[in-house]
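Trainee: Sequence plus the predicted model coming up.
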Amino acid sequence: MANENQAERPKKGFLREKIREIARKHFADDFPNPVRRGCPPISEITLLEDKPLEGKDWVLRHISFCSLCYRDFGYFLHSGRKKRSSGRKFSVPPGLSTRSRIDIRGVGGVEG
């Protein structure tokens, strides 16, 4: 029985990762919003990454239905992890402040 459980663990881990990958791709691609209608300011998206308990519910709901904001949020999550692990300060990339599209596929597990 112990051998059975050990054999199943990698399969379960692989399945979980596959589900995460499908979900990331779905949110990153399947909710286009090319004119960025209803998008929150970048400061609200970064607040969700930096201080999630202070973030606004409507911003989180919006991110789940706007691929561009989802990608922005993913970028900040990835950058925040790197910042915390390296001790570096985080800065907003120049293109992001103008609300331009950021493609983070391949960053933080978002596949393209």
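Mentor: Yep, that arrived. Numbering: from 1, shown residues only.
Trainee: Can you tell me the element residue 16 falls in?
Mentor: Residue 16 belongs to helix 2-29 when assigned by DSSP states H and E.
Trainee: Against which helices or strands is the helix or strand that that helix is followed by packed?
Mentor: Moving toward the C-terminus from helix 2-29, the next helix or strand (DSSP H and E) is helix 42-50. If you count contacts as 3 or more CB pairs under 8 Å, 6 or more residues apart in numbering; DSSP states H and E, helix 42-50 packs onto helix 57-63, helix 67-86. From N, CA and C alone the C-beta is placed, and that goes for glycine too.
Trainee: elements contacting the shortest one?
Mentor: With contacts defined as 3+ CB pairs under 8 Å, 6+ apart, the packing partners of helix 57-63 are helix 42-50, helix 67-86.
Trainee: So which bits of the last one are buried?
Mentor: Meaning helix 67-86. Residues of helix 67-86 classed as buried: 67-79, 83 (neighbour count, 16 or more other CB atoms under 10 Å).
Trainee: so what's the closest residue to residue 30 other than its chain neighbours up against?
Mentor: Spatial nearest neighbour of residue 30, chain neighbours left out: residue 67 (6.7 Å); criterion: CB to CB, 6 or more residues apart in numbering. By CB atoms under 8 Å, 6 or more residues apart in numbering, residue 67 lies in contact with 27, 28, 29, 30, 31, 32, 33.
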